[in-house]
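[1] predicted model follows, preceded by the sequence.
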Amino acid sequence: MHYIEIVNTEVGLYDRSLANISSVNLATFIGATTGARVGDPQVEWDPQGGRWLYASLEVYSGDDKLAFGWSKGGDAPGLTLANTDWCNFHIDTTTNLHDYPKLGHDANFILIGANIAAGGTTFTSASIWAIPKPAAGDTSCTAPMASEFGSQASPLEHLPPDGPNFVQTPVPGNTADNATTGYIASIDLGYIGVWHVSPTRVGGCGAAPCLVGDGEIQITPWNPPSAGTEFTVPQPGGNPSVDALDGRLTQAVQRSDPTAAGAEALWTQHTTQDVSGRTVLTWYELIPPLCSGMVCGASAKRQEGVIANPNLSVFNGAVSPTSHGDAAVIQYNTSSATSFIDSRVQSRDAADPLSTMSGELVLRSSTVADTDGSCQTPFGPPCRWGDYAGASPDPTSCSLVWGSTMLAGDIASTRLPTWVTQNFAVGEGKVRSAVSTRQYTLAGSDGATWLDMDAGQLQVASAPCTDSRALITANADLFTSSSGVNQDIAIFVDIDGVAGIVPLAWKESGGSNGTFSPNAAYAQAEFPMPAGHVYTVRLKWKASHSTSGTIFAGAGPLVGSADSPSRLTLELFPTAPAIASTTSQPKNTGSDGVTWIPIPGISSVSLAPAVDSRVVLGGNADLFTDAAGYNQDIGITLNGALIAWKESGGFNGTFSPNAAFVQTTANLAAGQTYVAQLVWKTNRRAASNASIYAGAGPLPGTTTSFSPTSLTAILLPASPNPHEALSTQQHQLTSSDGSTWLDLGVQAVVSPTLSVNAIVSANVDLWTANAGFNQDIGVFVTDNGGPAQLLVWKESGGFGGTFSPNAAFAETVYTMVVGHTYVYSLKWKTNHSAAGSGATIYAGAGPIAAVFSPTRLLIDLVP
């Protein structure tokens, strides 16, 4: 399948990787009259007809035309932009310029909406053209008989209750399914009128085809710009503002929505202005079939959402559903007096609340202000902008939307255009994450009932359009105010509104002899998500037993800042990550402190990639001891060789689990077999009757359901991703002032080739030599050399537990922009001032054979 882009001067043909195959001049492509000016082009894929369709203006010496056509052979692998592969036609509109043509189609017609300007200057009426589509397989280029609705003598008008206002800028839908009827929309100040073209006679229509008015769908009223003006958007450096149009609709895509009982839905949008004076983007999902007898009830507007930013103007958008119909992607530009124009996207799926988009991603940023010839007198200011944006569903993928937008280019000029285009393919989102920087408390837990930590903020939802597997993670700093009360955290999944009653995974954070001593707990679960359902993931917690005391989530706060974040993250995969797990309680008695042995009940994970690959391995276990002074070491081996390990402290804390996580990566060669294994031991020789355990619990009402111990393997294509940095030294920090973050010496530089979300994590064994000093670990990033930004931090408890490592894990999700260089680093400090005390905290347990447990920073780019 190809992607085609058309601008005012050129047509580009691309493959699915957006590599350019060929380009041709637009006038040549449409077969324009020599010397004609061409512009306002549109191109669409018609899945019913199996052809590419296009439309364009063509102006020559007062003789105006509408050019249109289609590809003869559909989207054959050998498709070219040569005239021999296309049928080209021209409708002569004489001196009536059909300005701002908008292309759409349905089962029967190519549809073009336009504004008629008599003599090229004075608006007289909107016009809708209906052009019969060629029969399947027809390559004859026989000229079709086009029908026009709307003229100066008989202008198109809105219907009651909005009529008789003139229709302006009618926009036909790009019909992306097999619907017989395609809808056309035009906006007024409080309504969107909808029409369709019938291939048969209807009502008082004299002869087919007939334009049928469906009705006026009421929307939130909006205020237009002052007469004779358009909305404008500022640029930095005192440069001229850019044009954001006058509130008209600019494009529409139609697709049935399974969450609207399968009804045909029309998605469209326009730029308006909020009370602050900044432009915003308002988008709609309309259900025209719910209009009857030219009356549209409230249900005909299914969704109305606004994309706004308190610091930026939002404009020049395009919205499209996916080919599944229940999800959508919206793209837009932003700008301000201090930031160049950029291109951004957001998305939604069926699990999201109506009228919301989320997951903003910056696709690309301009490097200069727009200063092209249209900015200058007599053409401007403002600079011409705001009418070049498109979005269409991928017919071969249920989650992708393709599109094009515009940006300012790399070379400023006072006369020549500086804008460039950006093509993209964006999914509805593989990663969904919820985070809170509040500190939560739970008092008087009965030890049996799982309660939402924050039902409003700490949940994520997803409705995948294909059968998927989800990797779900929870990360929180847990601690207690009452010694002996452990803190349990769990992941639950609701399906189609039916609450999950059994946790997918849970972990326990020890409170024995350690009050106000946080544990950076991490829990991980894999869950199948067949298509056709809405899944809601919740973070819940409880105490390990009935108590009158209080447990907490979220350490801190930092000075002048918030508490450590609690986060819930869901990542979708097309196939299941390899996983081995057990809900028994393995036991290791009398370990010699040297020999790594497999954890009982956890099978090995075999990996045999057909192509060179990279694997991310993670081991997750609640570790504890029944004999004080024996720390618990957990490791991962690959083909028998230890490649990562972490240590869980047992000093002064028996039966006090630590939700440990160990993570590592490895490169795998094609055709080879690799065996990963989760192993363990004590940190030193244990007494013959001393044991360490994996698995807290059991759950109330059971005798065998302990917290899961698991090994997960995620196979990725061979590449530098995930990016990582690690140290196997033992780092120490003495007399920290408790507020200044200092470099740990672990740093990674990443320059993404695409704008992506990154799952960023830190994994480190933290401990103290002096009781009472907790250890804070933070992940920082700089963007293009800017100031360091704290992304995530966690606290590892040191109260009453010296030389007792905590296998701390901190995770966050961060958006990265193509063309930027990011430097990630680990920094640390104590939780309060140790200045002058000589108190020391450490990173890295061990050593084993002169090597300490790895301190690791991982940046996993998720396209």
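    Sure thing, it's come through.

[2] need the contact list for the residue lying farthest from the centre of the chain.
    Distance from the centre of the chain peaks at residue 688, with 52.7 Å (C-alpha atoms, centre = their mean). Shown in contact with residue 688 (C-beta atoms under 8 Å, 6 or more residues apart in numbering): 589-590. In short, each C-beta sits where N, CA and C put it, glycine included.

[3] could you redo the last one with a cut-off of 6 Å?
    By C-beta atoms under 6 Å, 6 or more residues apart in numbering, residue 688 lies in contact with residue 590.

[4] swap in residue 394?
    By C-beta under 6 Å, 6+ apart, the neighbours of residue 394 are 400, 402.

[5] do you know how far it is from residue 426?
    10 Å (C-beta to C-beta, to the nearest Å).

[6] quick one: low-confidence parts of the chain?
    Applying pLDDT under 70 to the chain flags the ranges 410-417, 511-514, 650-653, 798-801.

[7] show me the domain layout of it.
    Annotated domains of the chain cover 1-156, 174-425, 723-862 [automatic domain parsing].

[8] could those domains go into TSV alongside distance to residue 535?
    Formatted as TSV, the domains of the chain follow (distance: least, C-beta to C-beta, whole Å):
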stretch	distance to residue 535
domain 1-156	29
domain 174-425	7
domain 723-862	18
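
[9] which one of those lies closest to residue 706?
    domain 723-862 (18.4 Å; C-beta to C-beta).

[10] and that closest one, how far from the chain's centre?
    Centroid separation for domain 723-862 versus its chain: 26 Å, with C-alpha atoms, centre = their mean, to the nearest Å.

[11] start and end of it, how far apart?
    12 Å (C-alpha to C-alpha, to the nearest Å).

[12] for the closest residue to residue 769 other than its chain neighbours, name its beta-bridge partners.
    Once flanking residues are discounted, residue 769 sits nearest to residue 840: 4.7 Å by C-beta to C-beta, 6 or more residues apart in numbering. On DSSP bridges, the residues paired with residue 840 through beta bridges are residue 734.

[13] neighbours of residue 840, how many?
    17 (other C-beta atoms under 10 Å).

[14] wait, isn't it in contact with residue 732?
    Yes - between residue 840 and residue 732 there is a contact at 5.4 Å, judged by C-beta atoms under 6 Å.

[15] which residues does the closest residue to residue 744 other than its chain neighbours contact?
    Distances taken as C-beta to C-beta, 6+ apart place residue 826 nearest to residue 744, at 4.2 Å, with adjacent residues excluded. The contact partners of residue 826, by C-beta under 6 Å, 6+ apart, come to 744, 746, 762, 857.

[16] out of these, who has the most neighbours?
    residue 762 (28 neighbours).

[17] what's whatever helix or strand it lives in packed up against?
    Applying DSSP states H and E as the criterion places residue 762 in strand 756-768. In this structure, strand 756-768 packs against strand 775-783, strand 806-816, strand 840-843, strand 855-862, with contacts taken as 3 or more C-beta pairs under 6 Å, 6 or more residues apart in numbering; DSSP states H and E.

[18] give me the buried positions along that strand.
    The neighbour-count check on strand 756-768 (16 or more other C-beta atoms under 10 Å) flags 756-768 as buried.

[19] closest one to residue 568 among the domains of the chain?
    domain 723-862 (10.2 Å).

[20] what are the ranges of the strands in the stretch 651-800 of the chain?
    658-668, 674-682, 691-694, 709-717, 723-727, 731-734, 742-750, 756-768, 775-783, 789-796 (DSSP state E, counting those that start in this stretch).

[21] what would the ones you listed look like in a markdown table with distance to residue 209?
    Conversion of those to a markdown table gives the following (distance: least, C-beta to C-beta, whole Å):
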| stretch | distance to residue 209 |
| --- | --- |
| strand 658-668 | 60 |
| strand 674-682 | 64 |
| strand 691-694 | 72 |
| strand 709-717 | 50 |
| strand 723-727 | 58 |
| strand 731-734 | 76 |
| strand 742-750 | 56 |
| strand 756-768 | 46 |
| strand 775-783 | 55 |
| strand 789-796 | 58 |
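
[22] quick one: which of those is nearest residue 8?
    Comparing the strands of the stretch 651-800 of the chain under C-beta to C-beta, the one sitting nearest is strand 756-768, at 31.0 Å.

[23] quick one: contacts of that closest one?
    431, 646-647, 663, 775, 777, 779, 796, 798, 802, 804-816, 826, 841-845, 853, 855-863.

[24] before we move on, what about stretch 85-100?
    Counting by C-beta under 6 Å, 6+ apart, 30-31, 62, 64-72, 114-120, 127, 141, 143, 146, 169 sit against stretch 85-100.

[25] what's the answer for stretch 629-640, then?
    596, 617, 619, 621, 623, 642-651, 660, 662, 664, 666, 674-677, 679-683, 686, 690, 692.

[26] which of the residues you listed are buried?
    If we count by 16+ other C-beta under 10 Å, the contacts of stretch 629-640 have these buried: 596, 617, 619, 621, 623, 642-651, 660, 662, 664, 666, 674, 676-677, 679-683, 686, 690, 692.

[27] related to what we said a few turns ago, most tightly packed of the helices and strands packed on strand 756-768?
    strand 806-816 (a mean of 25; mean count of other C-beta atoms under 10 Å).

[28] right, and residue 554 touches residue 442 too?
    No - using C-beta under 6 Å as the test, residue 554 is too far from residue 442 to be in contact (11.7 Å).

[29] thank you, goodbye.
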